[in-house]
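A.B. asks: need the 3D shape of this:
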Amino acid sequence: MIPDDSVLAETGLPPARQGRILLIACGALAREILDLRAANGWSHLDLQCLPANLHLWPDRITAAVEETVLARRADYDGIFVVYADCGTGGLLAAKCRELGVEMVEGPHCYSFFEGNAAFAARAEDEITAFYLTDFLVRQFDAFVWRPMGLDRHPELRDMLFGNYTKLVYQAQTEDASLDARAEDCAARLGLAYERRFTGYGDLAGALARLR
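C.D. replies: Just a heads-up that it's a prediction; the model follows:
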C-alpha cells in the first residue's frame, strides 16, 4: 500500500525487507517505482524512500543517502540510488562512487522522466519553463506555493516567476483530475500551460537493468 503523499513528503517509506536489491529513492518517486515494480513483476526490488521534502534543502540529500546506504547495505545483494543530481552540485554522484553504488542518470527527475536526451535537446528552447510532475501537482502547495511564501505574500508571484513563460506538466499517468489541477497551478502562477505525457521515461529502463 502506497502511503499518502504527505507521509511521503515528511517521512518517506520504509523498506518491506523483501527482495535482493534495495532502491533508495526520493519519496516523490514512490508511486512511479511501485507501479513499475508491480507492472513488471520485479519482486527482486525492494524500496526505501527518503522524505520528499529533502528537496527543499538539497544540501541534506547526500548525507541522508549515505546514511541509508551504510545502514542497509549488509541486508541486500545490491543498492541502487534513485536520485538524480537534484541540486547537490555533483556531491551525490561523488558520494555514490565512494560508496560503490550506482544511481540513476540525469540532472533531476524532470530530465529522466522526459528522457535525458530529449530533455537536453529541448533545454535551450525551454529555459523559461517551470516543470511539475504528478507528485508536484498533487503537492503544489506544500512544495511550491507555501515554501516560496506565496500563501502569505501573493504579490511576490511576479517577482519570483516573472522570468518564466510557461508551466510544463510532465504527466506520468493519464489522469484528467491531475491535468485540471496542473492547469490551475499554471493559472495561479500566471503562466501559459502545456501538458506533456512522459510516462516513466528513462526511469523504467534504469530499473529494468537491475538484475
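
A.B. asks: and C49, its phi and psi?
C.D. replies: In terms of degrees, to the nearest 10, the main-chain angles of C49 are phi -110, psi 130.

A.B. asks: report how many residues lie close to it.
C.D. replies: Residues near C49, counting by other Cβ atoms under 10 Å, number 26. Bear in mind the C-beta positions are built from the backbone N, C-alpha and C, glycine included.

A.B. asks: that one and R31 touch, don't they?
C.D. replies: No - in this structure C49 lies outside contact range of R31 using Cβ atoms under 8 Å: 10.0 Å.

A.B. asks: who's in contact with the nearest residue to E114 once chain neighbours are set aside?
C.D. replies: The shortest distance from E114 to any non-neighbouring residue, by Cβ to Cβ, 6 or more residues apart in numbering, is to T198 (5.0 Å). For T198, the contacting residues are 113-115, 170-172, by Cβ atoms under 8 Å, 6 or more residues apart in numbering.

A.B. asks: try R157
C.D. replies: Contacts of R157 by Cβ under 8 Å, 6+ apart are 150, 188-190.

A.B. asks: repeat that with 7 Å
C.D. replies: 150, 189-190 (Cβ atoms under 7 Å, 6 or more residues apart in numbering).

A.B. asks: who does the strand or helix carrying Y131 touch, helix- and strand-wise?
C.D. replies: Per DSSP states H and E, Y131 falls inside strand 129-132. Applying 3 or more Cβ pairs under 7 Å, 6 or more residues apart in numbering; DSSP states H and E, we find strand 129-132 packed against strand 166-171, helix 176-189.

A.B. asks: after it, next one along is what?
C.D. replies: Next helix or strand after strand 129-132 toward the C-terminus (DSSP H and E): helix 134-138.

A.B. asks: roughly how far is that next one from the heart of the chain?
C.D. replies: Relative to its parent chain, helix 134-138 has a centroid offset of 10 Å by Cα atoms, centre = their mean, to the nearest Å.

A.B. asks: now for that helix, which elements pack on it?
C.D. replies: Counting by 3+ Cβ pairs under 7 Å, 6+ apart, helix 134-138 packs on helix 176-189.

A.B. asks: partners of whichever helix or strand comes after the helix it packs on in the sheet?
C.D. replies: Following helix 176-189 in sequence order, the next helix or strand is strand 192-197 (DSSP H and E). Partners of strand 192-197 in the sheet, by DSSP bridges, are strand 166-171 (parallel).

A.B. asks: thank you, goodbye.
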